[in-house]
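Peer 1: one predicted model, sequence on top.
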Amino acid sequence: MRDRVRAAAVPLAAFGTTVCVGVAGFVALTGVSVVDASFWLLDPTSIELYFEHHSGPERATKAFAVVVFVALVLAGIWVGESALDAAFDGRLGRELTRMQTRRAIADLTDHVVICGHGMFGRTVANRLRERGRDVVVVERDAEERERIDDDALVVAGDARREAVLERAGVSRASAVVAGIDDSNANIQIGVATSQLAPESKLVVRVGDEMYESTARRVGADAVVIPEVVSGSDVVADL
C-alpha cells in the first residue's frame, strides 16, 4: 500500500507543479491576479476575452497556455492511471505489462524459450541474451519472477502445460530449454514441446544419467546433466 501511495504521489505532485507554474506564468506575463490566472486554467477562453480589452504579450501568453494545457492533460492522465492502478490493487499495471509482453512475444521468431529461471535457466538465459538472442522465460514461481530483469520477456505459468508454452511462442522458437530442477517435469515439458514444436531444438536438463534415455525418447536433441558438465569443466581447468 505504501508503495502505491508513493507511486500516486509523483503524478499528483507533477499535476500540482504544472498548475503552480501555469498560474505563475500567467501572472508574470500579463500581471493579472492569482485568482484570474487560476480561472484561466479552468476556462482558456478567458484569455481571448482578456486580450480583447487589454494590451500585452498576447502571442507569448497563448503559446504558454498551450504548453500548460498539454502538460495538464498529460499529468491528469498520469494521475488517473495511478488512481486506477491503486484502486485495483496494482492489477491494472500487471495486466498492462502482460499485454505488452504478449504483443512482444507475438512478434518474435527464432527465439529461445527457457523453462525455469533457477540457477541453470538463469545462466542459460543470460548467456543467450549477451549474444543478442531473443529469450522468453517461463516461470511458475512468483517470487522468482520478481527477480527477473524488468526488460525480460516472462510468461507466468507451468511450462508442462501446452497453453503456457503456446503463450511463450514455442511454435516459432528455434529452441526450447527445459531447465527446471525436476527431471520428471523437464521430461513432461519435452513431451509437450515435441507435440507443439517438433522442429525446434529441444534441450532437456536431468539430474541423473538414468533419465537420459527417457529424455531422448521424448525428442530431446541434447540432454544436460549439470553435475556431469560442471565436473568436466573442473577437470578441463586442472
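Peer 2: Here it is on my side, so go on.
Peer 1: how distant is stretch 100-118 from the center of its chain?
Peer 2: 12 Å (C-alpha atoms, centre = their mean, to the nearest Å).
Peer 1: pLDDT of stretch 151-162, averaged?
Peer 2: Mean pLDDT, stretch 151-162: 91.
Peer 1: straight-line length of it, end to end?
Peer 2: In stretch 151-162, first residue to last residue: 25 Å (C-alpha to C-alpha, to the nearest Å).
Peer 1: how about residues contacting it?
Peer 2: 101, 104-105, 108, 115-116, 125, 129, 134-140, 142, 145, 148, 163-165, 167-168, 178, 180, 185, 188-189, 192, 195-196 (C-beta atoms under 8 Å, 6 or more residues apart in numbering). Every residue, glycine included, has its C-beta placed from N, CA and C.
Peer 1: could you do stretch 109-128 as well?
Peer 2: So stretch 109-128 is contacted by 133-139, 144-145, 147-148, 152, 159, 165, 168-170, 172-181, 186, 189, 205, 224, 226 (C-beta under 8 Å, 6+ apart).
Peer 1: among the contacts of stretch 151-162, name the ones in helices.
Peer 2: 101, 104-105, 125, 129, 142, 145, 163-165, 167, 185, 188-189, 192, 195-196 (DSSP state H).
Peer 1: buried ones among these?
Peer 2: Using 16 or more other C-beta atoms under 10 Å as the burial test, the ones in helices among the contacts of stretch 151-162 include 101, 105, 125, 145, 164-165, 167, 185, 188-189, 192, 196 as buried.
Peer 1: gap between A104 and G16?
Peer 2: From A104 across to G16, the span is 35 Å (C-beta to C-beta, to the nearest Å).
Peer 1: could you give the mean pLDDT of stretch 121-132?
Peer 2: 91.
Peer 1: next, the buried residues of that stretch.
Peer 2: 121-122, 124-125, 128.
Peer 1: out of those, who's nearest L41?
Peer 2: Using C-beta to C-beta, A125 comes nearest to L41 of the buried residues of stretch 121-132, at 49.7 Å.
Peer 1: and stretch 25-44, end to end?
Peer 2: 14 Å.
Peer 1: what helix or strand does the residue positioned nearest the centre of the chain sit in?
Peer 2: Nearest to the mean C-alpha position of the chain, counting by C-alpha atoms, centre = their mean, stands T97 at 4.8 Å. Taking DSSP states H and E as the criterion, T97 maps to helix 91-106.
Peer 1: tell me the spacing between T17 and V10.
Peer 2: 11 Å.
Peer 1: same question, V34
Peer 2: Using C-beta to C-beta, we find V34 at a distance of 25 Å from V10.
Peer 1: for this protein, which spans come out with low pLDDT?
Peer 2: 1-8, 83-96, 229-238 (pLDDT under 70).
Peer 1: distance between the helix or strand where E52 lies and the chain's centre?
Peer 2: Using DSSP H and E, E52 sits in helix 45-53. Averaging C-alpha positions (C-alpha atoms, centre = their mean) puts helix 45-53 47 Å from its chain's average.
Peer 1: flag every buried residue along that helix.
Peer 2: Of the residues in helix 45-53, those buried (16+ other C-beta under 10 Å) are 47, 50.
Peer 1: try stretch 194-201
Peer 2: Under 16+ other C-beta under 10 Å, the buried positions of stretch 194-201 are 194, 196-197, 200.
Peer 1: any idea how far it is from the middle of the chain?
Peer 2: Using C-alpha atoms, centre = their mean, the offset of stretch 194-201 from its chain centre is 27 Å.
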